[in-house]
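Participant: Next input, structure requested:
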Amino acid sequence: MKIGNNASRGLAAFSLAALPLAVQAQAQSQALVDVATDDAYSLNPVVVTAALAPRTADQSLSSVTVLDEAALRRQDPVSIPDLLRGQPGVDVTSNGSFGKSSGVYIRGTGNESTVLMIDGIRLRSATDGGAAWQYLDPRMFDRAEIVRGPRGSLYGADAVGGVVQLFTPESDEDAPQPRFSFGGGSFDTQRYSAGLSGGSGGTRYSFAGSHFSTDGTPIRRGGEDKGYDSTAGFARLAHTFDNGAEVGGLALRARGTNEYDGGENDFVQQVAGIYGELPVSDIWRSRLTLSESRDELDDRAAASDWGPASTSTINTRTRTARWENTLTLDAHELVAGAEYTGDRVSGTTDFDENSRDNVAAFAQGLFDFAPFAVQASLRYDDNEAYGDEVTGGLALGYDVDGHHTLRASYGTAFRAPTFNDLYWPFEDFGDWGSYAGNPDLRAETSKTLELGARGRYQHHFWDLAIYQTVVDDLIATETVNGDSRPTNINEARIRGVELSSGVEIDDWTVAAALTYIDPEDRETGNRIQRRASQSARFDIDRALGEWSLGGSWVVQNHRYNDAANEDRIGGFGLVNLRAGWEFAPMWSARLTVKNALDKEYETVRDYRNAGRAAFVSVHFGQ
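Facilitator: Okay, here's the model as predicted:
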């Protein structure tokens, strides 16, 4: 595999820096091996997103990060982008803080190439392409899985960079367990939440609601505060019968108002689904899921140089039927199924087409030939808007011993053109030119090769991955004589290295992540805009009896706001501090200080993020 000079030097420098850390981590952990048992590692969590089946992190043969309930409660993030920023392979951009438009880039791919799932239901805008991460309240979830690398053969369109799945709290068959919290802080911010979970006789339930409001901060220098409020809630209900069959349902909804420079909008983010799972035989389980997601936006723009005041509505509704069958054959597992997805768009924009249907069939084999493991997957998608696509994946794993695993994988994926890309109606802006969609667009396609190694012990783990992704038929806006339209013109090559590690020993919890990426536009040789090439994140927490103290440090280097790499946005370092106090049984108080050093920073030109912000909250329940 040839590597260009600049990328080669950067990759080599990062690898040389990362290798001693991995070796040192292995040496430090060797002392723990003697007291570890081979089948119990506290830092080898079970994940379900990587392979459509429960697998430990090393068995998944994937680059995966799990943020469990303890991590979410310790960090107490204000938003999902705050939670994801600086995680291995993850970059985040935002047009300000508190509900302002945000993008999540995994391994240098775009926001449109990152799939967001909530309890197995996909949430996105079919017009814009990406998910509205900024509108989801982290307190509605108790777990996040970040899978890096292509997953097109499992999840279909847009899983080029990876998949983020958020999980709402599950309950056991216990007596009702109430919980609530209240608090506030800087910028007249207020936060409230309450929930109830429990179960009996095979039935389990979990309910929760939250409210967040803030006056916000100026998002442009010299501007006015831009506020944000959101009210969210979810409900989960499931029942398991004596024969092992199970039925259940989920509904989650968030709605609110967001102010931005030039106007404000009302939003709704919603997912709902029902499922039934049947043990057909001792080795065969069949599951049918029916779900719907909604992304709705009512926008009120003030008068500007672009035109007079206006109102607009864009609503996306996606309905999905998924049939999945799992065969368990000793140590092997086969998964096969079919999926139907229908996108519908409505609102004030007169698209040439306002619906499209997608039919898919998929299969996956998970084979365990210890010490070797093989995962193979294949999927066929037929979309009436942009044609058919075939994606596949192959991963090989080898357990060197009871603590170290090597892996290699190759996968393909594609990003579907959005309704905006395909069908946006012709608009004439006079001297500014014109714009229209392009119904002849092809889907972007990608090929990714990855090599990785993982060490896991009783109290410690480390994971190292190196990869290359080539994306063909990149969708970009082409302008000829002032007339602009999206077209397939570019190719991108993305190379990267990721190193992550974690330690849980005595009362200490430590996590570290280092990321290097080289996202290059092959036509120009420039770095793809708004991507930082280097980042690091360190989280450290200490329990001190009834008290706990901790902090996070996130560092990123510069990025470019434009494709020509002429508008450079400086790098930054953020320090977040936190403290907790369990002052009575079931009662606790938390203090968090975001951006404690009051750094002024941007990830999009002229859009400032909030400075120092302190929040205090009181909690009851588990």
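Participant: what does stretch 571-590 contact?
Facilitator: 74-76, 183, 532, 541, 546-559, 591-597, 599, 601, 616-622 (CB atoms under 8 Å, 6 or more residues apart in numbering). Backbone N, C-alpha and C define where each C-beta goes, glycine included.
Participant: what do you get for stretch 73-81?
Facilitator: 83, 92, 94, 97-99, 102, 104, 133-134, 136, 138, 166, 212, 509, 539, 541, 548, 550, 552, 576, 578, 580, 590, 592, 594, 613, 615, 617.
Participant: Ramachandran angles for the nearest residue to residue 109 once chain neighbours are set aside?
Facilitator: In this structure, residue 109 finds its nearest non-sequential neighbour in residue 161, 3.3 Å apart by CB to CB, 6 or more residues apart in numbering. Note on residue 161: its backbone torsions stand at phi -80, psi -40 [degrees, to the nearest 10].
Participant: Just to check, residue 161 is in contact with residue 114?
Facilitator: Yes. Using CB atoms under 8 Å, residue 161 makes contact with residue 114 at a distance of 5.1 Å.
Participant: The contacts of stretch 73-81 in strands, which ones?
Facilitator: Residues of the contacts of stretch 73-81 located in strands (DSSP state E): 92, 94, 102, 104, 166, 212, 509, 539, 541, 548, 550, 552, 576, 578, 580, 590, 592, 594, 613, 615, 617.
Participant: In contact with the nearest residue to the fifth one once chain neighbours are set aside, which residues?
Facilitator: Looking back up the chat, that one is residue 166. Spatial nearest neighbour of residue 166, chain neighbours left out: residue 141 (4.5 Å); criterion: CB to CB, 6+ apart. By CB under 8 Å, 6+ apart, residue 141 lies in contact with 72, 166, 167, 168, 169.
Participant: Tell me how many other residues surround the closest residue to residue 459 other than its chain neighbours.
Facilitator: Computed as CB to CB, 6+ apart, the closest residue to residue 459 that is not its neighbour in sequence is residue 505, at 4.5 Å. Residues near residue 505, counting by other CB atoms under 10 Å, number 14.
Participant: Next one: residue 505 relative to residue 517, how far apart?
Facilitator: Here residue 505 is placed at a distance of 31 Å from residue 517 (CB to CB, to the nearest Å).
Participant: Helix or strand with the lowest mean pLDDT in this protein?
Facilitator: helix 5-33 (a mean of 38; mean pLDDT, DSSP states H and E).
Participant: residues in contact with the nearest residue to residue 508 once chain neighbours are set aside?
Facilitator: Using CB to CB, 6+ apart and skipping residues adjacent in sequence, the residue nearest residue 508 is residue 542, 5.7 Å away. By CB under 8 Å, 6+ apart, the contact set of residue 542 is 507, 508, 509, 548, 549, 550.
Participant: Quick check, central residue of the chain?
Facilitator: Among the residues of the chain, the one closest to the centroid is residue 164, at 3.1 Å (CA atoms, centre = their mean).
Participant: so it bridges to which residues?
Facilitator: Residue 164 has these beta-bridge partners by DSSP bridges: residue 116, residue 146.
Participant: Surely it touches residue 146?
Facilitator: Yes. With contact defined as CB under 8 Å, residue 164 and residue 146 form a contacting pair (5.4 Å).
Participant: what pLDDT does residue 352 get?
Facilitator: Model confidence at residue 352, expressed as pLDDT, equals 89.
Participant: quick revisit: report the separation between the residue nearest to residue 109 and residue 529.
Facilitator: For residue 161, the distance to residue 529 equals 16 Å [CB to CB].
Participant: Over to residue 330?
Facilitator: For residue 330, the distance to residue 529 - CB to CB - is 50 Å.
Participant: More neighbours: these two, which one.
Facilitator: Ranked by neighbour count (other CB under 10 Å), residue 330 and residue 529 place residue 529 first, with 18 against 7.
Participant: quick one: secondary structure of the more buried one?
Facilitator: Residue 529 falls in the coil class when you classify it by DSSP: H, G, I helix; E, B strand; the rest coil.
Participant: Need phi/psi at it.
Facilitator: Main-chain torsions, residue 529, degrees, to the nearest 10: phi -60, psi 150.
Participant: got it, and residue 111?
Facilitator: Dihedral angles for residue 111 - degrees, to the nearest 10 - are phi -60, psi -30.
Participant: got the contact list for it?
Facilitator: 103, 104, 105, 129, 130, 131.
Participant: next one: residue 381
Facilitator: Neighbouring residues of residue 381 by CB under 8 Å, 6+ apart: 156, 157, 358, 359, 360, 388, 389, 390, 391.
Participant: Just the residues you listed: which are in strands?
Facilitator: In strands, defined here by DSSP E, the members of those are 358, 359, 360, 388, 389, 390, 391.
Participant: Could you dump those residues into JSON lines and include pLDDT and distance to residue 47?
Facilitator: Formatted as JSON lines, the ones in strands among the contacts of residue 381 follow (pLDDT from 0 to 100; distance: CB to CB, whole Å):
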{"residue": "358", "pLDDT": "97", "distance to residue 47": "26"}
{"residue": "359", "pLDDT": "97", "distance to residue 47": "28"}
{"residue": "360", "pLDDT": "97", "distance to residue 47": "23"}
{"residue": "388", "pLDDT": "94", "distance to residue 47": "30"}
{"residue": "389", "pLDDT": "95", "distance to residue 47": "26"}
{"residue": "390", "pLDDT": "97", "distance to residue 47": "26"}
{"residue": "391", "pLDDT": "97", "distance to residue 47": "21"}
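Participant: ok, and the most crowded of the residues you listed?
Facilitator: Scoring those on neighbours with other CB under 10 Å, the highest-scoring entry is residue 391 at 27 neighbours.
Participant: and the closest residue to that residue other than its chain neighbours, how many neighbours?
Facilitator: With CB to CB, 6+ apart as the criterion, residue 391 has its nearest non-adjacent residue at 3.6 Å, and that residue is residue 152. Using other CB under 10 Å as the criterion, residue 152 is surrounded by 28 other residues.
Participant: just residue 200 next, same as before
Facilitator: Residue 200 has 11 nearby residues by other CB under 10 Å.
Participant: need the contact list for it.
Facilitator: Shown in contact with residue 200 (CB under 8 Å, 6+ apart): residue 173.
Participant: how near is it to residue 240?
Facilitator: Distance, residue 200 to residue 240, using CB to CB: 12 Å.
Participant: Identify the residue nearest residue 413 in space, chain neighbours excluded?
Facilitator: With CB to CB, 6+ apart, the residue lying closest to residue 413 is residue 152, at 3.2 Å.
Participant: Then residue 465?
Facilitator: Using CB to CB, 6+ apart and skipping residues adjacent in sequence, the residue nearest residue 465 is residue 452, 4.0 Å away.
Participant: Tell me which other helices or strands the helix or strand harbouring that neighbour touches.
Facilitator: Under the criterion of DSSP states H and E, residue 452 resides in strand 444-456. Secondary-structure packing of strand 444-456 (3 or more CB pairs under 8 Å, 6 or more residues apart in numbering; DSSP states H and E): helix 5-33, strand 404-415, strand 460-480.
Participant: Just checking, which helix or strand succeeds the first one along the chain?
Facilitator: Tracing the chain C-terminally past helix 5-33 and defining elements by DSSP H and E, one meets strand 46-47 next.
Participant: Same question for the shortest one.
Facilitator: Proceeding N to C from strand 404-415, the next assigned helix or strand is helix 419-423, under DSSP H and E.
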